[in-house]
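Enquirer: Sharing a model prediction with you, sequence too.
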Amino acid sequence: MLQALSRIGRRRTLQACAALVVVLGLLLWWLLPLGEPAPSGALTFSTGVRSGVYQRYGERLKGDLARDLPQVSIRLQTSEGSQQNITRVATGKADFTIATADALATYLRSGKPGADRLRGCVRLYDDYIQLVVPRDSEVRKVSDLIGKRVGVGQPGSGVRLIADRLMTAAGLDPTDDVTPVPNGIDTMPKELENGRIDAFFWSGGLPTSAVQELSDRFAIRLVPLEAPLIKELQAVGGAARYYRSAVMPADAYRNAQQGQAVPTVAVANVLVTTDRTDPAMTEAFTRTVIDSRDRIGREVHAAQLVDLRTAIYTDPLPLHEGAKRYYRSVKP
């Protein structure tokens, strides 16, 4: 009888100990989470034309991402620009990209495939609209482009959107009143230098190397985009509300500007992904973008303008959950 009671007591003691171990284990799991595994796999980053700021920025960011995400294989994919970039990410053909806020708003308003899945990670630097002509050109304002051969950017670019809108605001039909040449920044400078076009539009960070290099070998001038034209542009509403008045500082292109600041239009760039992207991957990607600002900025000046205080404002896109995690982690 005593032996039976002893066995029952030992069994109950063992059961109690086992239950205690389970409770302690659950408590430790709750208090000391092991965390998510490091991001791994492959991702595609859609950039831009080879000599544009998107591509130069992407090439340098890739090195920092490789350091911070050693288990992730990163592929850069050139593109025509913002419009093509957005389409690729929205339809799952790329994982991350950069695009202008006006191009994003246009895509969202159109209700194209995947529009509702787009998410923002970082508000980056601003693009400045640059209307470039030979220094001796008679073109002094956008309306003077009538009858001219004008580089307007490739069909999938952001510059194509703003070029058409600016010419319309100036009272020109962008297809009938000019001869539109659908080239990108990789070829437009040479076309202007050789006299095959009379002017070209470009939308990019300052300075854009292709414009800088052109100004070093050929006499060019930047046509001012004055306040009345910008008011006409903004009056359209919709995506045009993302355009604002800005000034290109006198030293952006020293040879082209000859000490003169140039009024223009600016629009924000946003780092874009979708809700399909893993939060841990997005958090890590966002962290690298912010942390790499100064290093990349020494080579791509526009990257210096990435600011943690404004990076969270990715309008017109909602923030990705992973980006939210990052900003919470650095909140003072």
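Expert: Structure's in. What do you need? Residues are numbered from 1 along each chain as shown.
Enquirer: Next, the buried residues of the helix or strand hosting residue 267.
Expert: Under the criterion of DSSP states H and E, residue 267 resides in strand 262-274. By neighbour count on 16 or more other Cβ atoms under 10 Å, the buried set for strand 262-274 is 262, 264-274. Bear in mind the C-beta positions are built from the backbone N, C-alpha and C, glycine included.
Enquirer: Could you do stretch 254-263 as well?
Expert: Across stretch 254-263, burial judged by 16+ other Cβ under 10 Å covers 256-257, 262.
Enquirer: want to try JSON lines for those residues, with distance to residue 45 and pLDDT as columns?
Expert: Listed next are the buried residues of stretch 254-263 as JSON lines, based on distance: Cβ to Cβ, whole Å; pLDDT from 0 to 100:
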{"residue": "256", "distance to residue 45": "31", "pLDDT": "96"}
{"residue": "257", "distance to residue 45": "33", "pLDDT": "95"}
{"residue": "262", "distance to residue 45": "32", "pLDDT": "98"}
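Enquirer: after the strand holding residue 267, next one along is what?
Expert: helix 279-291.
Enquirer: Next, the angle from that next one to strand 262-274.
Expert: 150 degrees (axes from the mean of the first three to the mean of the last three Cα atoms, to 10 degrees).
Enquirer: What average pLDDT does helix 279-291 get?
Expert: Mean pLDDT, helix 279-291: 97.
Enquirer: Equivalent analysis for stretch 133-152, please.
Expert: 98.
Enquirer: Can you tell me what sits against that stretch?
Expert: 131, 159-160, 163-164, 166-167, 169-172, 174, 177-183, 188, 191-192, 196-201, 218-221, 223-226, 229, 256 (Cβ atoms under 8 Å, 6 or more residues apart in numbering).
Enquirer: mind listing what's buried in the helix or strand hosting residue 128?
Expert: Using DSSP H and E, the element containing residue 128 is strand 118-134. Within strand 118-134, the residues scored as buried using 16+ other Cβ under 10 Å are 118-134.
Enquirer: Need the three-state assignment for residue 315.
Expert: coil (DSSP: H, G, I helix; E, B strand; the rest coil).
Enquirer: Which SSE is immediately downstream of the strand holding residue 128?
Expert: strand 149-151.
Enquirer: I'd like the distance from that next one to the chain centre, please.
Expert: Centroid separation for strand 149-151 versus its chain: 26 Å, with Cα atoms, centre = their mean, to the nearest Å.
Enquirer: strand partners of it, parallel vs antiparallel please.
Expert: strand 179-181 (parallel), strand 199-204 (parallel) (DSSP bridges).
Enquirer: out of those, nearest to residue 101?
Expert: strand 199-204 (11.7 Å; Cβ to Cβ).
Enquirer: Report the angle between the closest one and strand 118-134.
Expert: 150 degrees.
Enquirer: With only the CA atoms kept, save strand 199-204 in PDB.
Expert: Extracted as PDB, the C-alpha positions of strand 199-204 are listed here (Å, rounded to 0.1, in the frame of the first residue of the first chain):
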ATOM      1  CA  ALA A 199      15.900  70.300 -77.300                       C
ATOM      2  CA  PHE A 200      15.300  67.500 -74.800                       C
ATOM      3  CA  PHE A 201      13.500  67.100 -71.500                       C
ATOM      4  CA  TRP A 202      15.000  65.200 -68.600                       C
ATOM      5  CA  SER A 203      13.700  64.400 -65.100                       C
ATOM      6  CA  GLY A 204      16.400  63.400 -62.700                       C
END
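Enquirer: Residue 107 is nearest to which of the strands paired with strand 149-151?
Expert: strand 199-204 (16.1 Å).
Enquirer: Just the C-alpha atoms of the helix or strand that contains residue 97, please, in CSV.
Expert: Using DSSP H and E, residue 97 sits in strand 96-100. Below are the C-alpha coordinates for strand 96-100, written out as CSV (Å, rounded to 0.1, in the frame of the first residue of the first chain):
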residue,chain,number,x,y,z
PHE,A,96,11.8,46.7,-55.7
THR,A,97,12.1,49.9,-57.8
ILE,A,98,12.3,53.7,-57.8
ALA,A,99,9.5,55.8,-59.3
THR,A,100,8.3,59.3,-59.2
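Enquirer: what sits up against the following helix or strand past that strand?
Expert: Scanning forward in sequence from strand 96-100 by DSSP H and E, the next helix or strand is helix 101-110. Residues outside helix 101-110 that contact it (Cβ under 8 Å, 6+ apart) are 82-83, 86-87, 90, 115, 118, 158, 161-162, 238-243, 267-270, 272, 315-317.
Enquirer: ditto for stretch 53-60
Expert: Residues outside stretch 53-60 that contact it (Cβ under 8 Å, 6+ apart): 45, 47-49, 76, 78-79, 81, 85, 98, 204-205, 208-209, 292, 295-296, 299-300, 302-303.
Enquirer: All set now, cheers.
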